[in-house]
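> below: sequence and its predicted model.
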Amino acid sequence: MSTAVQTASAEIQVGHETAILPSGKLGVWWFIASEIMVFGGLIGTYVLLRVAHGGWSDQASHVNWRLGAINTLVLVTSSLTMILALNAVRVERRERAARFLLLTVLLGLTFLGIKSIEYTHELGEGFTPASGMFWSFYYIMTGLHGLHVLGGIILNATLYVAAVRGTLWSDNRRARVEFAGLYWHFVDVVWIFLFPLLYLA
Amino acid sequence: MKPNEPTAITAESLDRASIIVWVWLVGLLGAGMMVFMLPIPRTPALLLIFGISAFKATLVLRDYMHLKGEKMLIYAIALTPLLLAIALALVLIPDIVFRR
């Protein structure tokens, strides 16, 4: 099905109107598939080991679930600003697109800031990656996810600079916002599962 | 309207739909936290929390990653590694069961 977005000046086609998938989008989805294997393997191993060995709940009770919940809210909100940036790109609202890309970058940095506060507190309490199986998994999974957030921040910051400089607005470059958005939302989906697994279970 | 005629929607309606999804995500996050804090037995509470998480993930995939209008090839690319990861976990379950 094809969908058209009407603006005052133009009608722009969005969605999935072409018969052939753009190679860029296909590439991003292949990348996401490989990431699903990485995080899926980690999460599967964590769940199995946790079921097999008792005593992890005591270790897990030391994580700060309030900060984890705030971080979830931050990341979910950054997904909203990312999709609003894409919507703005589609209708050529350049300033609005740049503003939402910047907001997404700032929310990503907020996420990492809160995460680093958590790490500082936990390490200060003596909970290191060597403190037990739970903590090993906690640092590996949140650390790997944090690296993905950092990658997304760099990607979105690059797009923001391009939007401000006016180099984002050719057809093939505009698609990069959609591809960056796919990656960013995937990082959000991973956190949606990591949060209950590590903070609430 | 003819069957293949493009549906005209405004940029504002796209934004509104995205904000509605965000409100749902925040509401579901709140619901998950309520389940966590209320004195509900552990197993049903965990089932509820992970059910809510799965629903949240579905919303992001469907509406923000636009899977709802995507081609079958994209579904195949996304689902294959997910099924492989689940299969990987399933084949390891006997190891845990028989160790006990």
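Okay, I see it.

> ok, A:Val51 - how many residues close by?
Residue crowding around A:Val51 was assessed by other Cβ atoms under 10 Å in any protein chain shown; the count is 12. Placement of C-beta: from N, CA and C, glycine included.

> no, scratch that, I was asking about A:Val177
Neighbour tally, A:Val177, other Cβ under 10 Å: 25.

> next: the one 5 residues further on.
Neighbours of A:Leu182 under the rule other Cβ under 10 Å: 21.

> that one: what's it in contact with?
Counting by Cβ atoms under 8 Å, 6 or more residues apart in numbering or on different chains, A:Leu182 touches A:Lys25, A:Val28, A:Trp29, A:Ile32, B:Met65.

> most neighbours among these, please name it.
B:Met65 (26 neighbours).

> low pLDDT regions in chain A?
Filtered on pLDDT under 70, chain A yields the residue ranges A:1-20, A:171.

> can you point me to the longest helix in it?
Using DSSP state H, we find that the single longest helix of chain A is helix A:133-165.

> counting by contacts, list what it packs against.
Counting contacts by 3 or more Cβ pairs under 8 Å, 6 or more residues apart in numbering or on different chains; DSSP states H and E, helix A:133-165 is packed against helix A:23-52, helix A:56-60, helix A:94-124, helix A:171-195.

> who's in contact with whichever residue of chain B sits closest to chain A?
Closest to chain A within chain B is B:Ala85: 2.8 Å, counting by Cβ to the nearest Cβ. Residues in contact with B:Ala85, defined by Cβ under 8 Å, 6+ apart, are A:Ile36, A:Met37, A:Gly40, A:Gly41, A:Ile43, A:Gly44.

> nearest to B:Thr10, of those residues?
A:Ile36 (34.4 Å; Cβ to Cβ).

> ok, and the closest non-adjacent residue to that closest one?
B:Pro81 (4.1 Å; Cβ to Cβ, 6 or more residues apart in numbering or on different chains).

> and the nearest residue to A:His148 once chain neighbours are set aside, how many residues sit next to it?
Closest residue to A:His148 apart from its sequence neighbours, by Cβ to Cβ, 6+ apart: A:Val187 at 4.9 Å. When neighbours are counted by other Cβ under 10 Å, A:Val187 registers 23.

> any idea how far chain B is from A:Val187?
10 Å (Cβ to the nearest Cβ, to the nearest Å).

> do A:Arg176 as well
16 Å.

> what's near enough to touch the residue nearest to that residue when sequence neighbours are not counted?
Leaving aside its chain neighbours, A:Arg176 sits nearest to A:Leu159 (6.2 Å; criterion: Cβ to Cβ, 6+ apart). For A:Leu159, the contacting residues are A:Leu101, A:Leu168, A:Arg176, A:Val177, A:Ala180, by Cβ under 8 Å, 6+ apart.
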